[in-house]
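Asker: All I have is the shape, not the residue letters:
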């Protein structure tokens, strides 16, 4: 590993309830549309059908809806970069995606057909989509990317872990560029899981940190960042939007576990150390917060432990009140928001929450001063925790 | 490369259809024993007879005193991990749990647990949310960490049949970057209804035997198993006086980027990218390879394509090195396959015995290398290339080198 090698974000792609493209998501987040008063119920029906946007590409062979959304997002936001790569450059571009539930819809459809109707009724061509690696290799395949293809299935933090993995692959000199992020869909099983664990909002509204919050709303999303080594970004004449300056993760960080706070604080400390930063250098936090009673309280306590009294001056920017709980795609979506906040702060103020001490009602506020360094973390109900820091790129 | 960059293996554990524990595994491989038998599924499949490699007489409760109810792949992963930690002489809980991590590779995870949970869900049973870890691939890696109190890096990599080698590669990088002092690289899979049905419907599952590189090969035979290795930097292993078994000299990952089954025979570019990376990271040349532990899945396409790939990478030396496929004995343990093969590589380096490719009867003109047919061969081996090629195009290659002390 070359400790001096810098990893920069030079692009991002998204497909969310807000529509196709990172702009659709970012403009809605920045404008605060949806904040507290315009929350969607079922988000998936509002996601536009990807086949209408994907267009004709010879190499795209899948008919899997989530894979099509993934490919549509990448084509929309990063297609030009990928199309212009030379064959030699494609050998050094890899893919790392995290997902918690993405392949299970196909898996159980295959299982149900096989067990209830008989083996002869399953379509053999659908077998690859029952495998967890299906989505990542579809991206490698669509753009002839011969670099590594990695699928991380650790749980709700898997998307952010994939970004950390990708950054490490670049630092170690294995790849010059990586497409990294996460994707997940709403299916019967994760909907049921949220209901059974009483995490689903009865009101259909996600109210992050609000005193009257009553749970979360499942969503589906794709969020992918283009990471490059600084040198590769320069060679491809792509302007860095931000620098990834530290990543870490922890497991068994269950909200009700006695050691959870310690583990999460240590992971955040590890990231700050890698970034050469102190808590006072952080201008904004893009948290996991999803409107659940326990989870939001856990995060509020965590942020107080990390920032102390200074927390009141740190802008906390949730994304799930707009996008829903997108499982392993949430972390990358938060990261995308952080990158946009760092890169496009001149576009205008950013809307977020000021957390007051111990249970006082949080206040939505606009931050006008630019965000230089931001912290992003996933803290899933499944005990997975991953964190990274991004900062404004300075040559 | 200094000692903090070099990665060594200090412990191994295996739970396989041909034996549990490294010694039983070695004896079975040396004897050319097959682990394939008729499989009994708890579900209706429509097939009269299906054969597979099952780990018989496996009571995982013997491995740990208090055994929670966990899926079959998790059981295999935990049992193999315990054997590896014991072999390495490591305590659990570790003295510094935050410095010991685990990467677990799998193709399908706890398929049996998923499928049972789905049946219950479908039949409206058990909808009480009693398990917060319900239906997650990540259960495997988390259970290994939980049971052995490992608090270092913990991830699950799901890159189908190459997942074992991928776990080794990722673990090695975490050690080199000083994210951990000790890494447990684990891989496990069981046989689920979906993968059995998937392979059968794609005509990739042989009815009777797994015959890698044979002219009349009819496909692979799915299997289950778990395997684990303890990895450390050379510096750390020396510091604690560990018994060093072999060195992980280099690793290379890539993707075929050629569709789910990479069905273009001539397109070996992705495989070559992985090989170039492995040799570059090992600072070795193909001339230094004595033996190849092949993916050798016994499908018509793979064995032909792998032979072409080996000729491209090794040149004329491809005809001189010994190439075997232990899948002929084990069947295809999916995500665990390359970890099983990695353990076989270390045994070969230490015992000077190259394991056979059994069920080899009729040479295939398209596969014209020395596949060590049917009988193990005594030979000193200093460096082994272990290759694995997963469904979807995931390639992961590892070079193992004899530890010279």
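Answerer: Alright, I've got the coordinates. Computed from a prediction, not measured in an experiment: that's the story for all the values here.

Asker: Every contact and neighbour count from this point should use C-alpha atoms.
Answerer: Noted.

Asker: quick one: the closest residue in space to residue B:322 that isn't next to it in sequence from chain A, how far?
Answerer: Using C-alpha to C-alpha, 6 or more residues apart in numbering or on different chains and skipping residues adjacent in sequence, the residue nearest residue B:322 is residue B:291, 4.8 Å away. The spacing between residue B:291 and chain A, counted by C-alpha to the nearest C-alpha, to the nearest Å, is 25 Å.

Asker: tell me which element residue B:274 falls in.
Answerer: In this structure, residue B:274 sits in helix B:269-282 according to DSSP states H and E.

Asker: Report whether that helix contacts chain A.
Answerer: Yes - interface with chain A: helix B:269-282 contributes B:269-270, B:273, B:277 (C-alpha under 8 Å from any C-alpha of the partner chain).

Asker: Compare those and tell me which has the most neighbours.
Answerer: When neighbours are taken as other C-alpha atoms under 10 Å in any protein chain shown, the top entry among the residues of helix B:269-282 next to chain A is residue B:270 (24 neighbours).

Asker: OK, contacts around that residue?
Answerer: By C-alpha atoms under 8 Å, 6 or more residues apart in numbering or on different chains, the residues touching residue B:270 are A:146-147, B:254-257, B:395.

Asker: burial of the closest residue in space to it that isn't next to it in sequence, as a residue count?
Answerer: Counting by C-alpha to C-alpha, 6+ apart, residue B:256 is the residue found nearest to residue B:270 once chain neighbours are left out, at 4.2 Å. Per other C-alpha under 10 Å, the neighbour tally for residue B:256 reads 32.

Asker: Do I have it right that residue B:256 meets residue B:273?
Answerer: No - applying C-alpha atoms under 8 Å as the test, residue B:256 and residue B:273 come out as separate, 9.1 Å apart.

Asker: shared neighbours, these two?
Answerer: residue A:146.

Asker: all strands of chain A, in order?
Answerer: Remark: strands assigned in chain A by DSSP state E are A:7-16, A:19-20, A:93-98, A:149-152, A:177-184, A:221-229, A:242-250, A:284-286, A:315-316, A:350-354, A:363-367, A:373-379, A:385-391.

Asker: Tally up the residues packed near residue 145, please.
Answerer: Defaulting to chain A. 30.

Asker: wait, I meant chain B there
Answerer: 27.

Asker: Same check on residue A:126?
Answerer: Residue A:126 has 17 nearby residues by other C-alpha under 10 Å.

Asker: tell me what the lowest-mean-pLDDT helix or strand in chain B is packed against?
Answerer: Least confident helix or strand, chain B: helix B:111-122 with a mean of 81, by mean pLDDT, DSSP states H and E. Here helix B:111-122 touches helix A:104-112, helix B:72-88, helix B:193-201, going by 3 or more C-alpha pairs under 8 Å, 6 or more residues apart in numbering or on different chains; DSSP states H and E.

Asker: So which residues make contact with the first one?
Answerer: Taking C-alpha under 8 Å, 6+ apart as the criterion, the residues outside helix A:104-112 that touch it are A:122, A:126-127, A:129-131, A:187, B:115, B:118, B:193-194.

Asker: wait, isn't residue B:158 in contact with residue A:134?
Answerer: No - contact criterion C-alpha under 8 Å: residue B:158 and residue A:134 do not qualify, at 9.9 Å.

Asker: more crowded one of these two?
Answerer: residue B:158 (32 against 24).

Asker: List the residues that contact the more buried one.
Answerer: Counted by C-alpha under 8 Å, 6+ apart, residue B:158 has contacts A:132-133, A:150-153, B:105-108, B:335.

Asker: what about residue 259, how many residues close to it?
Answerer: No chain specified, so I'll use chain A. Counted with other C-alpha under 10 Å, residues neighbouring residue A:259 total 12.

Asker: Oops, wrong one, chain B.
Answerer: For residue B:259, using other C-alpha under 10 Å, the count is 23.

Asker: what about it, distance to chain A?
Answerer: According to C-alpha to the nearest C-alpha, residue B:259 stands 6 Å off from chain A.

Asker: re earlier: out of the contacts of residue B:158, who has the most neighbours?
Answerer: residue B:105 (41 neighbours).

Asker: which ones are touching it?
Answerer: Going by C-alpha under 8 Å, 6+ apart, the list of residues near residue B:105 reads B:156-159, B:163-164, B:166-167, B:185-188, B:335-336.

Asker: ok and the residue in the stretch 1-150 of chain B nearest chain A?
Answerer: residue B:138 (3.9 Å; C-alpha to the nearest C-alpha).

Asker: OK, contacts around that residue?
Answerer: A:153-155, B:109, B:155-156.

Asker: Can you tell me the number of residues neighbouring residue A:263?
Answerer: 19.

Asker: I'd say it and residue A:253 touch.
Answerer: Yes - with contact defined as C-alpha under 8 Å, residue A:263 reaches residue A:253; the gap is 6.7 Å.

Asker: picking up where we left off before, by how many degrees do the least confident helix or strand of chain B and helix B:72-88 diverge?
Answerer: 150 degrees (axes from the mean of the first three to the mean of the last three C-alpha atoms, to 10 degrees).

Asker: Who is residue A:12 paired with across the strands?
Answerer: Beta-bridge partners for residue A:12, by DSSP bridges, are residue A:225.

Asker: before we move on, back to that, list just the nearest of the contacts of helix A:104-112 to residue B:352.
Answerer: residue A:131 (37.5 Å; C-alpha to C-alpha).

Asker: State the distance from the closest residue to the closest one other than its chain neighbours to chain B.
Answerer: Computed as C-alpha to C-alpha, 6+ apart, the closest residue to residue A:131 that is not its neighbour in sequence is residue A:103, at 6.2 Å. Using C-alpha to the nearest C-alpha, residue A:103 is found at 10 Å from chain B.

Asker: And for residue A:103, the neighbour number?
Answerer: Residue A:103, neighbours per other C-alpha under 10 Å, totals 21.

Asker: pLDDT score assigned to it?
Answerer: At residue A:103, the model reports a pLDDT of 90.

Asker: Quick one: distance of stretch A:226-236 to the chain centre.
Answerer: Distance of stretch A:226-236 from the chain centroid (C-alpha atoms, centre = their mean, to the nearest Å) equals 21 Å.

Asker: what's the answer for stretch A:159-177, then?
Answerer: With C-alpha atoms, centre = their mean, you get 15 Å for stretch A:159-177.

Asker: ok, residue 110 - how many residues close by?
Answerer: No chain specified, so I'll use chain A. The burial count for residue A:110: 25, using other C-alpha under 10 Å.

Asker: I was thinking of chain B, sorry if that wasn't clear
Answerer: The burial count for residue B:110: 26, using other C-alpha under 10 Å.

Asker: what sits against it?
Answerer: Residue B:110 neighbours (C-alpha under 8 Å, 6+ apart): B:71-74, B:137, B:139-140, B:189-190.

Asker: By pLDDT, give me the weakest of those.
Answerer: Among the contacts of residue B:110, residue B:137 has the weakest pLDDT, 81.

Asker: secondary structure class for that one?
Answerer: coil (DSSP: H, G, I helix; E, B strand; the rest coil).

Asker: about what we covered before: what's downstream of the least confident helix or strand of chain B, the next helix or strand?
Answerer: helix B:139-148.

Asker: Would you mind stating the distance between residue B:231 and chain A?
Answerer: For residue B:231 relative to chain A (C-alpha to the nearest C-alpha), the value is 18 Å.

Asker: isn't there a strand covering that residue?
Answerer: Yes - per three-state DSSP, residue B:231 lies within a strand segment.

Asker: Report the spatially closest residue to it, excluding sequence-adjacent ones.
Answerer: Nearest non-adjacent residue to residue B:231 (C-alpha to C-alpha, 6+ apart): residue B:9, at 4.7 Å.
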